[in-house]
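Colleague: Below is the structure, and that's it, no one-letter string:
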Ligand SMILES: Cc1cc2nc3c(=O)[nH]c(=O)nc-3n(C[C@H](O)[C@H](O)[C@H](O)COP(=O)(O)O)c2cc1C
């Protein structure tokens, strides 16, 4: 079975470190026959500045965001993917705002039943992958926490490849062995 991998990239840089990680990971996954699609969160057209907490998604039987924009179209691809990859630079020890614009709207991809304390979600059983890089060597573990907890919360497996000391945008290729390590990780997931 061909694995479907959806990558949401949260960097504004078209030739930066996140872009390099996404490229190397995709190359590895494709070597294993996976189908890879990349969504560039920084270049989508949004009708709302993030989740507006209208909760209309929770009153609907569908797993869809009711704000019909490019983010909703991106989220509509999640249920069909086997693997969801979130790629981000470390910004102030956290994910980029561009990635958060998509992440928070993942609220529409599950239903929480307060009466029975149970969740139903098409995310269950998928794999969530975090690809991230940072200039320094502190903060990446903290960054990974909300992704790991989100994976646990929604019944997804969690895997990550975190690159410290990656330098400024475009410098990551200077790190010895990192392109091959990322390709190998892509082959493992693909
Ligand atoms: C707004 C901003 C905030 C950043 N915050 C951090 C940080 O907290 N810690 C760190 O090590 N690097 C930080 N960086 C550096 C980037 O995380 C790092 O250079 C990353 O590899 C860049 O990826 P990109 O080329 O995809 O943008 C920051 C960069 C920017 C522009």
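Modeller: It's in. Note that the coordinates shown come from a computational prediction; the quantities given were computed from them, not determined experimentally.
Colleague: How far off centre is the helix or strand of the chain at the bottom of the mean pLDDT ranking?
Modeller: Ranked by mean pLDDT, DSSP states H and E, the weakest helix or strand in the chain is strand 111-113, scoring a mean of 89. In terms of C-alpha atoms, centre = their mean, to the nearest Å, the centre of strand 111-113 is set 22 Å apart from its chain centre.
Colleague: For the residue most central in space within the chain, list each beta-bridge partner.
Modeller: What sits nearest the mean C-alpha location of the chain, by C-alpha atoms, centre = their mean, is residue 86, with 1.7 Å. Beta-bridge pairing for residue 86 (DSSP bridges): residue 8, residue 130.
Colleague: Might one say that it is in contact with residue 130?
Modeller: Yes: counting by C-beta atoms under 8 Å, residue 86 touches residue 130, with 5.4 Å between them. Just so you know, the C-beta spots here come from the backbone N, C-alpha and C atoms, and that holds for glycine as well.
Colleague: Which neighbours do the two have in common?
Modeller: residue 147 (C-beta atoms under 8 Å, 6 or more residues apart in numbering).
Colleague: List the contacts of the helix or strand harbouring residue 103.
Modeller: According to DSSP states H and E, residue 103 maps onto helix 97-103. For helix 97-103, the external contacting residues (C-beta under 8 Å, 6+ apart) are 8-12, 39, 41-42, 44, 46, 49-50, 71, 74-75, 86-88, 91, 95, 150.
Colleague: contacting residues for the closest residue to residue 24 other than its chain neighbours?
Modeller: Sequence neighbours aside, residue 182 is the residue nearest to residue 24 in space, at 3.8 Å (criterion: C-beta to C-beta, 6 or more residues apart in numbering). Taking C-beta under 8 Å, 6+ apart, we find residue 182 in contact with 20, 21, 24, 25, 28, 131, 161.
Colleague: show me which of those residues neighbour the ligand.
Modeller: Among these, no residue lies close to the ligand (C-beta under 6 Å from any ligand atom).
Colleague: So which of those sit within helices?
Modeller: 20, 21, 24, 25, 28 (DSSP state H).
Colleague: re earlier: name the next helix or strand downstream of the least confident helix or strand of the chain, please.
Modeller: strand 118-120.
Colleague: Packing partners of that following strand?
Modeller: strand 111-113 (3 or more C-beta pairs under 8 Å, 6 or more residues apart in numbering; DSSP states H and E).
Colleague: Can you give me the buried ones in the strand it packs on?
Modeller: residue 111 (16 or more other C-beta atoms under 10 Å).
Colleague: Given it, what are its sheet partners and their directions?
Modeller: strand 118-120 (antiparallel).
Colleague: Other residues contacting the strand it pairs with?
Modeller: 110, 111, 112, 113, 153, 154, 155.
Colleague: Try it again at 10 Å.
Modeller: Strand 118-120 is contacted from outside by 63, 110, 111, 112, 113, 153, 154, 155, using C-beta atoms under 10 Å, 6 or more residues apart in numbering.
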